[in-house]
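[1] Predicted model follows, preceded by the sequence.
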Amino acid sequence: MLLQFTISQSPLQRHHIPLSFPSGFLSSTFLRTVRGHKNPVVRCSASQVRSHRAGEYGRRRPISKWSGIFKRISLMEDPEMGAASVLNQCEREGKRLTKWELWRIVKELRKFRRYKLALEVYDWMNNRVERFRISTSDTAIQLDLISKVRGILNAEDYFLKLPDRLKDKRTYGALLNAYVQAKMREKAESLIEEMRVRGYAMHSLPFNVMMTLYMNLKEYDKVDLMVSEMTEKNIALDIYSYNIWLSSCGAQGSVEKMEQVFELMKQEGTINPSWTTFSTMATMYVKLGLLEKAEDCLKKAESIIPGRDRIPYHYLISLYGSVGNKEEVYRVWNAYKSVFLSIPNLGYHTMISSLVRLDDIEGAEKLYEEWLLVKSTFDPRISKPFS
């Protein structure tokens, strides 16, 4: 499962810095990308529980029609009919759906934040217990979806009614994640104590979730306490632990401590800094007015962008805008367009916001006109800089 890192709200709206955790527990998106109109300020927020990549579903990949069914669900003219209406119709058409296909549909719906529809797919499976075996990973995903769609109280109630065989580190972790999303500190602290007693807090993930909570509450000393506990218990810090710790140091205005943590990460030997690591440090350097160091980090981040990932380009454009380097903003934008045939609304929003921040109103208006020609859906956020 995974957690994700976040940078403060700005053109990066609704996107997350991808920080995947080892499969089998909570999902991401724990450090989520927070977006900010000015300097993207790193904070953390718990995110969705994702399915395990190498679990019971990852081992078998049958040829299936799941993508067509996903499109039928996501593009329903009347979403109120619910995902069940599409699934029932598919079976009437002679398509006997497998659990792997349904899991894959859920995964894709969650990817696009269609949480209500994803939960409806699980509801449909739950009504067919004779066909679909529900695992603890499934219950963890459902708990996460319930907290997002129906609220934390319903998620709690769902957890309490689960049989003991479906309560393990995954479901406990999902509930902890939900408490952190809701910023319910007392319940989160009580639950992680219970997880310690049960032996479910013997790896980095639950500590990363709690550090996310303390980052959101600006209780940076508690972040340090979590790191100390992990060290005392010989629980290895992972890339996400280090990224949160770096953010905490930067948020406290301690460049020296942030750089010491970065050196510790490198000395670990088994952890390679990711583009997220460098963009996080760049964000902190921008916040502290150390623009040369920020640009150096941005160049390192750009050099290790993985595969065809759009989100790093959004961060680079936004952060170069915060640094005040218009030339680099345009260079990254042109590189972005050379890699991808089409640019989503979020890309144009990021670029236009950066140009407005740089007082390049003429350039921003040209980009806006370009967006009008290529847009597939209207995004009111893009016109905000001109309001």
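    On my side now, so go ahead. These numbers were taken from a predicted model, which means no experiment stands behind them. Numbering: from 1, shown residues only.

[2] and Thr270, that one's in a helix?
    No: counting by DSSP: H, G, I helix; E, B strand; the rest coil, Thr270 is not part of a helix but coil.

[3] quick one, phi/psi of it?
    When read as degrees, to the nearest 10, the backbone of Thr270 gives phi -100, psi 0.

[4] What of Gly82?
    Torsion angles at Gly82 (phi, psi; degrees, to the nearest 10) stand at phi 80, psi 160.

[5] pretty sure it contacts Val121?
    No: with contacts counted by Cβ atoms under 8 Å, Gly82 stays clear of Val121, the gap being 9.6 Å. All C-beta atoms are positioned from the backbone trio N, CA, C, and that covers glycine.

[6] what about the two, which has more around it?
    Neighbour totals were compared for Gly82 and Val121, and Val121 leads with 25 against 18 (other Cβ atoms under 10 Å).

[7] So the more buried one is in contact with Ser85, correct?
    No: taking contacts as Cβ under 8 Å, Val121 lies outside contact range of Ser85: 11.7 Å.

[8] Spatially nearest residue to Met202 (excluding sequence neighbours)?
    Using Cβ to Cβ, 6 or more residues apart in numbering and skipping the chain neighbours, the partner closest in space to Met202 is Ile235 (6.6 Å).

[9] separation between Phe262 and Gly250?
    In this view, Phe262 and Gly250 are 10 Å apart by Cβ to Cβ, to the nearest Å.

[10] Just want to know which of these two has more residues nearby.
    Between Phe262 and Gly250, Gly250 has the larger neighbour count (other Cβ under 10 Å), namely 26 against 20.

[11] Pretty sure the more buried one sits against Met284.
    Yes: using Cβ under 8 Å, Gly250 is in contact with Met284, at 2.8 Å.

[12] Point me to the helix or strand that includes the closest residue to Ile343 other than its chain neighbours.
    Once flanking residues are discounted, Ile343 sits nearest to Lys337: 6.3 Å by Cβ to Cβ, 6+ apart. Assigned by DSSP states H and E, Lys337 belongs to helix 326-339.

[13] Also Lys183?
    For Lys183, there is no enclosing helix or strand under DSSP H and E.

[14] Please apply the same query to the one 10 residues further on.
    With the criterion set as DSSP H and E, the secondary-structure element containing Glu193 is helix 185-198.

[15] Now that helix: buried residues?
    By 16 or more other Cβ atoms under 10 Å, the buried positions in helix 185-198 come out as 185, 187-188, 191-192, 195.

[16] Adding distance to Gly173 and pLDDT, write the residues you listed out as JSON lines.
    Output for those, formatted as JSON lines (distance: Cβ to Cβ, whole Å; pLDDT from 0 to 100):
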{"residue": "Arg185", "distance to Gly173": "17", "pLDDT": "96"}
{"residue": "Lys187", "distance to Gly173": "14", "pLDDT": "98"}
{"residue": "Ala188", "distance to Gly173": "11", "pLDDT": "98"}
{"residue": "Leu191", "distance to Gly173": "9", "pLDDT": "98"}
{"residue": "Ile192", "distance to Gly173": "10", "pLDDT": "98"}
{"residue": "Met195", "distance to Gly173": "8", "pLDDT": "97"}
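
[17] what two of those residues are the furthest from one another?
    Greatest spacing in those, by Cβ to Cβ: Arg185 and Met195 (15.3 Å).

[18] Now do the shared contacts for Phe262 and Gly250.
    In terms of Cβ atoms under 8 Å, 6 or more residues apart in numbering, Phe262 and Gly250 are both contacted by the residues Met281.

[19] Against Glu256, how distant is the nearest residue to Ile239 once chain neighbours are set aside?
    In space, not counting the residues next to it along the chain, Ile239 is nearest to Ile271; the distance is 5.5 Å by Cβ to Cβ, 6+ apart. Distance of Ile271 to Glu256, given as Cβ to Cβ: 21 Å.

[20] and those two? which has more neighbours close in?
    More neighbours surround Ile271 than the other of Ile271 and Glu256, with 17 against 8 (other Cβ under 10 Å).

[21] can you give me the helices in the stretch 251-387 of the chain?
    255-268, 275-287, 291-303, 311-323, 326-339, 345-357, 361-374 (DSSP state H, counting those that start in this stretch).

[22] could you dump these to a markdown table with mean pLDDT and distance to Arg96?
    As requested, the helices of the stretch 251-387 of the chain are exported to a markdown table (pLDDT from 0 to 100; distance: least, Cβ to Cβ, whole Å):
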| stretch | mean pLDDT | distance to Arg96 |
| --- | --- | --- |
| helix 255-268 | 94 | 49 |
| helix 275-287 | 95 | 41 |
| helix 291-303 | 97 | 47 |
| helix 311-323 | 96 | 37 |
| helix 326-339 | 96 | 40 |
| helix 345-357 | 95 | 38 |
| helix 361-374 | 92 | 41 |
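
[23] thinking again about what came up before, ok, the residue nearest to Ile239 - contacts?
    237-239, 242, 265.

[24] Need phi/psi at it.
    Main-chain dihedrals, Ile271, degrees, to the nearest 10: phi -120, psi 120.

[25] do Met76 as well
    Met76 adopts backbone torsions of phi -60, psi 130, taken as degrees, to the nearest 10.

[26] which residue packs closest to it, ignoring adjacent ones?
    Once flanking residues are discounted, Met76 sits nearest to Val86: 6.7 Å by Cβ to Cβ, 6+ apart.

[27] and the one you found, how many neighbours does it have?
    Val86 has 23 nearby residues by other Cβ under 10 Å.

[28] counting contacts, what elements does whichever helix or strand it is part of pack onto?
    Using DSSP H and E, Val86 sits within helix 83-92. Applying 3 or more Cβ pairs under 8 Å, 6 or more residues apart in numbering; DSSP states H and E, one finds that helix 83-92 makes contact with helix 66-74, helix 115-126.

[29] hmm, try it at 10 Å
    Applying 3 or more Cβ pairs under 10 Å, 6 or more residues apart in numbering; DSSP states H and E, one finds that helix 83-92 makes contact with helix 66-74, helix 99-111, helix 115-126.

[30] Export it to PDB, keeping only CA atoms.
    Output of helix 83-92 as PDB, limited to C-alpha atoms (Å, rounded to 0.1, in the frame of the first residue of the first chain):
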ATOM      1  CA  ALA A  83     -21.900   1.300 -10.700                       C
ATOM      2  CA  ALA A  84     -24.100  -1.700 -10.000                       C
ATOM      3  CA  SER A  85     -26.300  -0.900 -12.900                       C
ATOM      4  CA  VAL A  86     -23.400  -1.200 -15.300                       C
ATOM      5  CA  LEU A  87     -22.100  -4.400 -13.600                       C
ATOM      6  CA  ASN A  88     -25.500  -6.000 -13.800                       C
ATOM      7  CA  GLN A  89     -25.900  -5.100 -17.400                       C
ATOM      8  CA  CYS A  90     -22.500  -6.600 -18.200                       C
ATOM      9  CA  GLU A  91     -23.500  -9.900 -16.600                       C
ATOM     10  CA  ARG A  92     -26.800  -9.900 -18.500                       C
END
